[in-house]
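**Q** This is a predicted model, with the sequence first.
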Protein chains: 2
Amino acid sequence: MSARLIILGAGSALPTRNNFPTSQILELREKQYMIDCGEGTQIRMRQMGLKINRLGHIFISHLHGDHCFGLIGLISSFGMLNRTADLYVHGPAGIATLFEPQLRFFCENLSFNVFFDEFHTNKHGLIYEDRSVEVFSIPLKHRVPCSGFLFREKIKECHIIREMIDYYQVPLSHINLIKKGADFITKEGETIPNQVLTTDPDKTLSYAYCSDTAYSEKIIPWIRGVDWLYHEATFSRTEAVRAKITMHSTAEQAASIALKAGAANLILGHFSARYSNQQMLLQEARTIFDNTVLAEDMKTFEL
Amino acid sequence: MSARLIILGAGSALPTRNNFPTSQILELREKQYMIDCGEGTQIRMRQMGLKINRLGHIFISHLHGDHCFGLIGLISSFGMLNRTADLYVHGPAGIATLFEPQLRFFCENLSFNVFFDEFHTNKHGLIYEDRSVEVFSIPLKHRVPCSGFLFREKIKECHIIREMIDYYQVPLSHINLIKKGADFITKEGETIPNQVLTTDPDKTLSYAYCSDTAYSEKIIPWIRGVDWLYHEATFSRTEAVRAKITMHSTAEQAASIALKAGAANLILGHFSARYSNQQMLLQEARTIFDNTVLAEDMKTFEL
C-alpha cells in the first residue's frame, strides 16, 4: 500500500498568502499521523476535503505558536463532528498545562478523550508504536525544546506463493503465520522453510521530519538512510547569519544534512514569509542534493 | 471620510472551503476596530494584504472558539512584527483568565501591552469611546454570555463657509472652535451665529453587529434606525427548529429584526457549513427586507 504525505502548511511563523503555518499528515497503511498543528490546520483540511477519521495521533515538535495554535480549533471541531475515537497528542513537556484549561472551557462534554503524552525532546527514543510504525524522537537544536520525528514502518508480511501453498496443502489457518515468516511442517513431519512458501515483503518506508532546527550534524545518525527527509529551510544562503541567530536552517544546510545522512529524497519546508516564491531555495539546495523538492500547502507527496 | 467593513470570516463553527470563522474589521475615520477573531483571522489579513497598524481595539462577542481562537496567533504575530501600540481586547468575563496563560508562555517579551477589558454582556451600556466613536454592548440570546456591538460615530465637525470666514475676518485660531459649533464675536462685539459661518457636518454612521443570537426582539430598541446591521443568519428557514435549539437565527429572522428595527441595510453572516452557497439565505431574507446583502470572506463593504 502506498504512503502519502499531505502538506497542510509549509510556512513558518508569519503566514503568507499561500503558506499556512506548519502542519502535515503522514498516511501509512490506512492510518493517519499528524505532525504539528499550526493555526488554520483544520481550515486546510476542509479546503482539501480531507477525511481524517483514521487520525489518532498528533505529534507536536515544539511549543512555538506556528506549530500548535491550530490544536484547540481542530479538537473543538472534532467534537462538533461527534468523533468518538481517542486522540493522543504527543508533545514536549508543558503541552498539557498549556492546552488543558482551554480544552476544559471550550470543549466540555467532548464526545471523545484527548490524552496528552509528554515525551523528552532532548533524547532520541521511541515515543510511539503501533502495528504499522515506530515513531522516534529526534532532538533538534532550536530556541526552545524541540524534537523531530522519525517514522519507521514495521516490516510487512511476506507474500505467499499460491502454487507452493497448494502443493504442500497448507491449511488456511496457517497462512497468517507463514506470512509473518513461520516455516510449515507437513503431516508427514517434513519442515518446509518459509522462503520456499513466500517471497520477500514489500519495502518499508522511513520518513524523518526535522523542523525547527539550526544546522545540526548530531541528527545524522538518527536519520541515516531515510527514504524521505523533511528538513526546514527557513532561509536562503543570503540570510545565513539570521538563520544562525534564530536557530533555523538555510536551504543549503538542509541539503547538506540530506547528503550526509544518505537520505533518498529531501522535502524543504517552513519557509520564511519573506520569500513569495521558493524556487531560489530549491535551486540552492539542489546544488548540494539533487533529489530535493519543495513543500507546498495542500500538496500531496506519494512516498 | 468613508467607512468600510472588511469581512475576514463569514463562517460559523466549522470552517468551509470559502468561509473562515467569524472576524471583521470596521474602519472609521482612519481607525480600525476588530470584531471577533476566529481561527485564521491573521491569515485572512495576510491574504488581503491588509495593513492594520491603526487597530487598537478588538471586541469579542462571546467565548465560543469560532469567535476567539485566532486571538493568540494574531497577538503573537503582532509581536513578531514589532508592534508597539497598546492593544485592548474587550470581551466577556473570563476572557483574561483563558488567554493570559498562553499569552505569557507564547508571547513573552512582547513589544507592546495587551489589556483585557471585561464588560457585562447582560446589559446594554457604553463599553468604549474615543474621539470618533462610541461602542455599546447589545445583550444577545445565546447558549453562553454573548453581546453584540453598536458602533455610533460621534458628530463630525461643521464645514466652514470660506466666504463668510473671510468676510468677518475670523482669525485662524478660531476656526477649530467654529467647526465645533461656536459662534464668533467680531472686534466690534457683534455675535455671528455659527450657522451663518458653517454648513451641517457630514452624516455620521451607525453599525450594529449581532452575532451569535437566537431571534430576539429585545435588541430592537438598541439598534433602532442603524445604517448597517450585521445579523447572524446561520440557518435557512428549513432549519428553524435547529436554529431555536442551538440559539441561532434563520435568514428570515435576521431580516425580520432589520425590518422591525428600521435598519437601512442588512448584512447576513455566520453561515452554517452546510450551505456551500448562501443565495438561498439571501432570497429568504429579501422576501422580508429588501436591502439585504451577504457577507463573504475578504469582501469589503463601503458603508
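**A** In hand now; what should we look at?
**Q** got the phi/psi numbers for A:Met45?
**A** phi -60, psi -40 (degrees, to the nearest 10).
**Q** how about the residue sitting furthest away from the middle of chain A, secondary structure?
**A** Largest separation from the mean C-alpha position in chain A: A:Glu188, at 48.6 Å (Cα atoms, centre = their mean). Counting by DSSP: H, G, I helix; E, B strand; the rest coil, the backbone at A:Glu188 sits in coil.
**Q** Can you read off the pLDDT for it?
**A** In this model, A:Glu188 is scored at 91, pLDDT.
**Q** From chain B, how far out is it?
**A** The gap separating A:Glu188 from chain B is 64 Å, by Cβ to the nearest Cβ, to the nearest Å. C-beta coordinates here come from the backbone N, C-alpha and C atoms, glycine included.
**Q** just A:Val144 next, same as before
**A** A:Val144 is 10 Å from chain B, by Cβ to the nearest Cβ.
**Q** Count the neighbours of that residue for me.
**A** 12 (other Cβ atoms under 10 Å in any protein chain shown).
**Q** same question, A:His142
**A** Neighbours of A:His142 (other Cβ under 10 Å): 21.
**Q** ok, it touching A:Thr213?
**A** Yes - if you go by Cβ atoms under 8 Å, A:His142 and A:Thr213 touch, sitting 5.6 Å apart.
**Q** Can you check which residues contact both of the two?
**A** A:Met247 (Cβ atoms under 8 Å, 6 or more residues apart in numbering or on different chains).
**Q** For A:Cys146, which residues are in contact?
**A** A:Cys146 touches A:61-62, A:92, A:121, A:139-140, A:212-213, counting by Cβ under 8 Å, 6+ apart.
**Q** cool, and A:Ile43?
**A** Neighbours of A:Ile43 in contact, by Cβ under 8 Å, 6+ apart: A:20, B:15, B:20, B:39-40, B:43.
**Q** same deal with A:Met45?
**A** A:Met45 touches A:8, A:52, counting by Cβ under 8 Å, 6+ apart.
**Q** Narrow the contacts of A:Cys146 to those in strands?
**A** A:92, A:139 (DSSP state E).
**Q** Which two among the contacts of A:Cys146 are spaced furthest apart?
**A** A:Pro92 and A:Thr213 (14.0 Å; Cβ to Cβ).
**Q** quick one, which of these two is more surrounded?
**A** Under the neighbour definition other Cβ under 10 Å, A:Pro92 and A:Thr213 were set side by side, and A:Thr213 has more, 28 against 21.
**Q** Look up how far B:Leu150 lies from the more buried one.
**A** 50 Å (Cβ to Cβ, to the nearest Å).
**Q** Can you list phi and psi of whatever residue of the stretch 201-303 of chain A ends up closest to chain B for me?
**A** In the stretch 201-303 of chain A, the residue that lies nearest chain B is A:Ala273 (8.0 Å; Cβ to the nearest Cβ). A:Ala273 adopts backbone torsions of phi -60, psi -10, taken as degrees, to the nearest 10.
**Q** A:Phe20 is in contact with that one, correct?
**A** No - in this structure, A:Ala273 is not within contact of A:Phe20 by Cβ under 8 Å, at 11.3 Å.
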